[in-house]
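Trainee: this is the structure alone, sequence omitted:
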């Protein structure tokens, strides 16, 4: 029925940027032979068309074309043009309505299909959440997937159930070219994690010290690895099994407590504590859907998935595959430990650089005192557990072992003149690097190992080298004895007091370092032979040591800033910006006032100069006018006065002409 040529195969997968959608698209792309039985040895690529949950989401490389889900015409054309449609409704409630619309549209158009078309709806096991077994008093009783008609959903997943029913109904028509299946997916885990991510993250951070288990933790969680679910969906779409309602869960049947203990013991401190169900929702970022899912209690008998032709990632369940699951989580999230070592003569600045790197990358700063304190604290904490009236057999066993270790440490200290022996320190370093924060986040070794023999004791030699705790970057600070002495002499006395950096102590330590690290017998050669090639840094160029080390080590391998840290940094940045703005405003006002004062002063000076110039001009003008006045009084005014008087007496028709003629006739010069 579903044998189609290569040209006719096109697969639609919604939400290809989501947790499940991406896995399904990759499973389809990886199973060419299942979709195209005659593919042979030729390299074929199945055309995959998809939608994005996030408009800014990233398209997987295996997906050829992206359709805008909001453009119903384009989405309809894409669905009608595909031979196989896989609709995942586990990731967001919006996909439930969209899948229901798609199923109805395909059903309405099925009469016009020229070739058969498959529709697989990937739903959630939460549509079975309230289903009771036929023997409710039997704690081990299971529910078969054949009983899907009597399934009862959680109240928040009723819409999912209605979509499942519609999809099943549309595929029942006799001789229909549309065949439908429903895959009810168990709670998902694997890769970067989703539902269980909060527990993986807390365990990786080792904070809080114990993972929170909601309620008794005895509820059974039907689970499936996300890539196993993807394989199930791809196989159902390509092989058209006779079972049309398929429960996709693994064989684990793990309880919530077992799941959390597996995470805690593999990734965290190993501790789990129980809290009341009512208190669970007070935890930050826990959604109602996550809460409902984690309190699910179902024992399901899933047979159809076992008959599918697929390779399982974690068929035996969560707990049995926890080691691989943790490795996937670290790899997907980019949380592989960053392991650094700083080596160099005493007083060269290696501890300062190691401290800088530890702070920058949020890694444990592992020096000798840290090793001793961390180890003894761990032993003492284990012994203190015996004081708890609810101590478990496992805690008792660990406490007894810790007592023996403490007794050995005391004996070792007494027999070595108040110092721990090199072999004991090497064992403690080896144990420390393989557990807790050093195992998860990584570490910065500060001057450790000190000698070639200690390096062999910590990391091994020959075929027994433990690469899991081996540093990946070694920074070697090179400094002469003279430079070291000058550097220490330049330090404030407060930093030198009470340390080994006195003149005598420094000379002794330098001599021992040179003796333990000759050209042919050095820790650096040990790492170099194991392909941990050193990066040499010149102590004289102290300002560039940190920048160069960060350049070599690369970006941090962690979650980055916590919300609290990000908020604190944002607040500090805002405070600094406000202070800078206030200072800028003060500077601006001060400059404006200074400029205004200068302008006023300049204007006053200009006004004074102008007034003085005007006075001088007036005086000069008055002085220049004195001779002219005397001339006018003597020679002009008498004649002009008599002329004006005659004008008044005669009253000529043209006074101006009369006056001119008069002045011309009686001009004294003419006389």
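Mentor: Looks like it arrived, so ask away. Computed from a predicted structure; not experimentally measured. Numbering: from 1, shown residues only.
Trainee: now residue 254: phi and psi?
Mentor: Main-chain dihedrals, residue 254, degrees, to the nearest 10: phi -80, psi 150.
Trainee: in the helix or strand that contains residue 413, which residues are buried?
Mentor: Using DSSP states H and E, residue 413 sits within helix 393-415. For helix 393-415, the neighbour count (16 or more other CB atoms under 10 Å) marks 395, 398, 399, 402, 405, 406, 409 as buried. Glycine gets a C-beta too; all of them are placed from N, C-alpha and C.
Trainee: what's in contact with the next helix or strand after that helix?
Mentor: Using DSSP H and E, the helix or strand that follows helix 393-415 in sequence is helix 422-433. Helix 422-433 is contacted by residues 339, 366, 368, 371-372, 374-375, 408-409, 412, 420, 438-439, 443, 448-449, 451, 453-454, 457-459, 466, 469 when judged by CB atoms under 8 Å, 6 or more residues apart in numbering.
Trainee: okay, residue 381 and residue 308: tell me how far apart.
Mentor: 48 Å (CB to CB, to the nearest Å).
Trainee: looking at the two, which has the bigger crowd around it?
Mentor: Comparing residue 381 with residue 308 by other CB atoms under 10 Å, the one with more neighbours is residue 308, at 19 against 13.
Trainee: any idea what sits nearest the more buried one, other than its immediate chain neighbours?
Mentor: Using CB to CB, 6 or more residues apart in numbering and skipping residues adjacent in sequence, the residue nearest residue 308 is residue 235, 4.4 Å away.
Trainee: check residue 283 too.
Mentor: Nearest one to residue 283, counting by CB to CB, 6+ apart, is residue 212 at 6.8 Å.
Trainee: hang on, isn't that neighbour packed against residue 271?
Mentor: No - counting by CB atoms under 8 Å, residue 212 stays clear of residue 271, with 10.5 Å between them.
Trainee: burial count for the residue lying closest to residue 144 once chain neighbours are set aside?
Mentor: Spatial nearest neighbour of residue 144, excluding adjacent residues (CB to CB, 6+ apart): residue 301 at 4.7 Å. Residue 301 has 15 neighbours, counted by other CB under 10 Å.
Trainee: ramachandran angles for residue 301?
Mentor: Per degrees, to the nearest 10, the backbone of residue 301 is at phi -110, psi 100.
Trainee: residues contacting residue 17?
Mentor: Counted by CB under 8 Å, 6+ apart, residue 17 has contacts 52, 53, 54, 57, 58, 59, 60.
Trainee: ok so, going back, contacting residues around the helix holding residue 413?
Mentor: Residues contacting helix 393-415 (CB under 8 Å, 6+ apart): 376, 378-380, 382-383, 385-386, 388, 391, 419-421, 424.
Trainee: only the buried members of those residues: can you turn that into a PyMOL selection?
Mentor: Buried residues among the contacts of helix 393-415 (16+ other CB under 10 Å), as a PyMOL selection:
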select buried, resi 378+379+382+383+385+420+424
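Trainee: can you lay out the contacts of helix 393-415 as a markdown table showing secondary structure and distance to residue 87?
Mentor: Shown next, in a markdown table, are the contacts of helix 393-415 (DSSP: H, G, I helix; E, B strand; the rest coil; distance: CB to CB, whole Å):
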| residue | secondary structure | distance to residue 87 |
| --- | --- | --- |
| 376 | helix | 58 |
| 378 | helix | 51 |
| 379 | helix | 56 |
| 380 | helix | 57 |
| 382 | helix | 52 |
| 383 | helix | 57 |
| 385 | helix | 51 |
| 386 | helix | 56 |
| 388 | coil | 51 |
| 391 | coil | 52 |
| 419 | coil | 68 |
| 420 | coil | 63 |
| 421 | coil | 66 |
| 424 | helix | 61 |
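Trainee: and which of the contacts of helix 393-415 is nearest residue 551?
Mentor: Nearest to residue 551 among the contacts of helix 393-415 is residue 378, at 34.9 Å by CB to CB.
Trainee: gap between that closest one and residue 406?
Mentor: On the measure of CB to CB, residue 378 and residue 406 end up 10 Å apart.
Trainee: same question for residue 400.
Mentor: 11 Å.
Trainee: and what of residue 385?
Mentor: Note on residue 385: its distance to residue 406, by CB to CB, is 14 Å.
Trainee: for residue 559, which non-adjacent residue is spatially closest?
Mentor: Residue 559's closest residue in space is residue 201 (CB to CB, 6+ apart), at 7.0 Å.
Trainee: the one you found and residue 624, how far apart?
Mentor: Distance from residue 201 to residue 624, by CB to CB: 99 Å.
Trainee: these two: who's more crowded?
Mentor: Higher neighbour count among residue 201 and residue 624: residue 201, with 16 against 9, using other CB under 10 Å.
Trainee: and the more buried one, that's in a helix?
Mentor: Yes - assignment of residue 201 by DSSP: H, G, I helix; E, B strand; the rest coil places it within a helix.
Trainee: hang on, it packs against residue 440?
Mentor: No - counting by CB under 8 Å, residue 201 does not reach residue 440; the two are 10.7 Å apart.
Trainee: got the contact list for stretch 130-141?
Mentor: Against stretch 130-141 from outside (CB under 8 Å, 6+ apart): 142, 143, 147, 150, 151, 152, 153, 154, 298, 299.
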